[in-house]
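Colleague: sequence plus predicted model, see below.
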2 protein chains.
Amino acid sequence: MTAHESGCELCRTDGGLVVARIAQLRVVRPDDANFPATYRVVWNGHVAEWTDLPPEQRSLCMRAVAKVETVLREALVPTKINLASLGNVVPHLHWHVIARFDWDSHYPQPVWGTAQRDVEPPAKQRLALGLEALDARIAAAIATMGGD
Amino acid sequence: MTAHESGCELCRTDGGLVVARIAQLRVVRPDDANFPATYRVVWNGHVAEWTDLPPEQRSLCMRAVAKVETVLREALVPTKINLASLGNVVPHLHWHVIARFDWDSHYPQPVWGTAQRDVEPPAKQRLALGLEALDARIAAAIATMGGD
């Protein structure tokens, strides 16, 4: 681990509960009370930008993003999926894949915007599928990438 | 145009200054004073989610995103690139490609977050390349996709 990587939160830690891992990337679920169906596709190697990867690895990364998005859509029927690769605070490539609902705390604002309402019962109790079952579906979907 | 599409801002309008257009998508530049080096890759057909597209079209879309990102990195050397497909307000597939700088109004917050500082001289005057020249480079990069 280089000095740079040792200072990087996504080199030092997984960045959340690991629900799936292949050689190139992992899918983690941070514990977000407002947006419980939030997953991150984290590239295992330390690169800052998506285009730091060669094209075939960019595609692999996005195939993982698509698999997570597809599971979230099928299992939860969200109002919208939000995808983002920002990395201003932690410049290590990670894609946010977030199921949004018209009743969630910030909708239609981005999750980084201003809260619009209190949500009761809490978001985690409103999902059509529990998080552990959702994690298992994502793990199964990512496992199909193993042969690439 | 269906009734649904006629109510969609990105079906009715280009969504910004069109800097490049191919059959499947266009690249537009909204006029954003805080983040002048902001482009959007807008899918021409009306789909809400990225995974509404079949895999080969998803890839084409992301190749356009990568081309815009690459031009921004080479021309402007930004602190970070931010990529996002949200669509909570306008659920018609469009990818934000935004050059971020450590001096910009919101850095390191997302552009949808809270402003961190006033910027003077304004952001547009600080870019290493003028916007018209940047537009031209993006147009040239997207034109190389024409044969796909």
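Modeller: Great, that's in hand. Please read these numbers as outputs of a predicted model, since none were measured by experiment. Numbering: from 1, shown residues only, chains lettered A, B, ... in the order given.

Colleague: and stretch A:50-68, how far from the chain's centre?
Modeller: In this view, stretch A:50-68 has its centroid 13 Å away from the chain centroid, taken as C-alpha atoms, centre = their mean, to the nearest Å.

Colleague: chain B contacts on chain A?
Modeller: If contacts are counted using C-beta under 8 Å from any C-beta of the partner chain, the residues of chain A sitting beside chain B are A:48-51, A:55, A:58-59, A:62-63, A:66, A:69-70, A:73, A:79-89, A:91, A:100, A:107-110, A:112-113. For glycine as for every other residue, the C-beta is placed from the backbone atoms N, C-alpha and C.

Colleague: burial count for the residue nearest to residue A:117 when sequence neighbours are not counted?
Modeller: Take residue A:117 and drop its neighbours on the chain: the residue closest to it by C-beta to C-beta, 6 or more residues apart in numbering or on different chains is residue A:105, 6.3 Å away. A count of neighbours around residue A:105, defined by other C-beta atoms under 10 Å in any protein chain shown, yields 18.

Colleague: all the helices of chain A, in order from the start?
Modeller: A:3-6, A:9-12, A:55-76, A:131-143 (DSSP state H).

Colleague: per-residue confidence for the closest residue to residue A:102 other than its chain neighbours?
Modeller: Taking C-beta to C-beta, 6+ apart as the measure, residue A:102 lies nearest to residue A:79, with 4.5 Å between them; neighbours along the chain are not counted. We note a pLDDT of 98 for residue A:79 in this prediction.

Colleague: picking up where we left off before, tell me the most buried of the helices of chain A?
Modeller: With neighbours defined as mean count of other C-beta atoms under 10 Å in any protein chain shown, these peak in mean count at helix A:55-76, which reaches a mean of 20.
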